[in-house]
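Novice: Give me a 3D structure for the following:
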Amino acid sequence: MSRPPIVLVHGAWAGVWDWRRVLAPLRASTSARCRSVPSSGDRRHLLRPDIGLHTHAADVVGCLRDEELRDVVLVGHSYAGLVITAAAHMLAAQAMPALRQLVYVDAMVPLSGESWGSRHPPEIQAARTAAAAAQGCNALPPPDPGGFGLAGADRDWLLRRQCPHPFGAYRELLPRGAEALDLPRAFIDCIEPAYPTIDPMRARVRELGFAVATMRTGHYPQIQQPAVFVEHLLGFIR
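Specialist: Residues are numbered from 1 along each chain as shown. Purely as a prediction, here's the structure:
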């Protein structure tokens, strides 16, 4: 295997299961692994009110450190764009040369001092704050996957597996200087239908000079068009 290893980080309400359709084809070309962050997927029992972005980023850093991974392509979907950015910042601060590249899959691409929710319209922020208060354990209840462009069996599959996401991760700010990364970065832009809360990121990544691939699919390309997703992801790797 000549390509560098890939580590996949899922978005909010999800788990490692959402990479299921792309793992085998990725592993035909390189080492690929995924991990559920604390409070999600098979680790949903770890949900606590104090979990936030730092918890999730530190978990990813711990995985790379304990597995002694180097030259990694770190991939984040949706909310996990914040996680991989914060994790890269932590690794740089610890002088751990673990990363080769960051890939954002229809994801948040934050700047210093921004949170997951800081670029959302006020009405969305208010609705999510109210939903987390009603859910209990300071967590956001899962949305209907139809809003991600999923239908039929795929929508039902997510409905069975989604779990509440810690609200602290919605509000916690990216540390100062965290976006100043000396790494190649790429973005997979999913446009049919385009998920509205990612819209500000579409312009940002182009302004920042990211490599961009556009997919005519909804917010879950790894589920909706796995073969095309794998082609784009492998095509990004330098």
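Novice: mind listing the strands for this protein?
Specialist: When secondary structure is read from DSSP state E, the chain shows strands at 6-9, 32-35, 72-77, 99-105, 139-140, 165-166, 185-190, 211-215.
Novice: Show the contacting residues for the one residue sitting closest to the centre of the chain.
Specialist: Ranked by distance to the mean C-alpha position of the chain (Cα atoms, centre = their mean), the top residue is A80 at 2.3 Å. By Cβ atoms under 8 Å, 6 or more residues apart in numbering, A80 lies in contact with 9-11, 37, 56, 107. For the C-beta atoms, the positions are set from N, CA and C on the backbone; glycine is no exception.
Novice: can you redo these as a markdown table with neighbour count and pLDDT?
Specialist: Converted to a markdown table, the contacts of A80 look like this (neighbours: other Cβ atoms under 10 Å; pLDDT from 0 to 100):
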| residue | neighbour count | pLDDT |
| --- | --- | --- |
| V9 | 30 | 97 |
| H10 | 26 | 96 |
| G11 | 26 | 96 |
| V37 | 29 | 91 |
| H56 | 26 | 95 |
| A107 | 29 | 97 |
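Novice: Could you work out the most separated pair of the residues you listed?
Specialist: Greatest spacing in those, by Cβ to Cβ: V37 and A107 (14.2 Å).
Novice: R216: how many residues sit nearby?
Specialist: 11 (other Cβ atoms under 10 Å).
Novice: The residue lying closest to P166 once chain neighbours are set aside - how many residues pack around it?
Specialist: Distances taken as Cβ to Cβ, 6 or more residues apart in numbering put I51 closest to P166, at 4.0 Å, once the chain neighbours are dropped. Neighbour count for I51, taken as other Cβ under 10 Å: 24.
Novice: and what of S118?
Specialist: Neighbours of S118 (other Cβ under 10 Å): 15.
Novice: Which residue, neighbours along the chain excluded, lies closest to it?
Specialist: S118 sits nearest to L173 (Cβ to Cβ, 6+ apart), 7.6 Å away.
Novice: For the one you found, give me phi and psi.
Specialist: Backbone torsions of L173, given as degrees, to the nearest 10, read phi -90, psi 150.
Novice: ok so, going back, quick one, what contacts the residue nearest to P166?
Specialist: 38-39, 166, 168-169.
Novice: go again using 10 Å as the cut-off
Specialist: By Cβ atoms under 10 Å, 6 or more residues apart in numbering, I51 lies in contact with 37-40, 59, 137-139, 165-169, 172.
Novice: What of L181?
Specialist: By Cβ under 10 Å, 6+ apart, the neighbours of L181 are 84-85, 88-89, 91-92, 99, 102.
Novice: distance of it from R100?
Specialist: In this view, L181 and R100 are 12 Å apart by Cβ to Cβ, to the nearest Å.
Novice: ditto for W17
Specialist: The gap separating W17 from R100 is 26 Å, by Cβ to Cβ.
Novice: swap in I198?
Specialist: Between I198 and R100 the computed distance is 24 Å (Cβ to Cβ).
Novice: do the same with L150
Specialist: Here L150 is placed at a distance of 31 Å from R100 (Cβ to Cβ).
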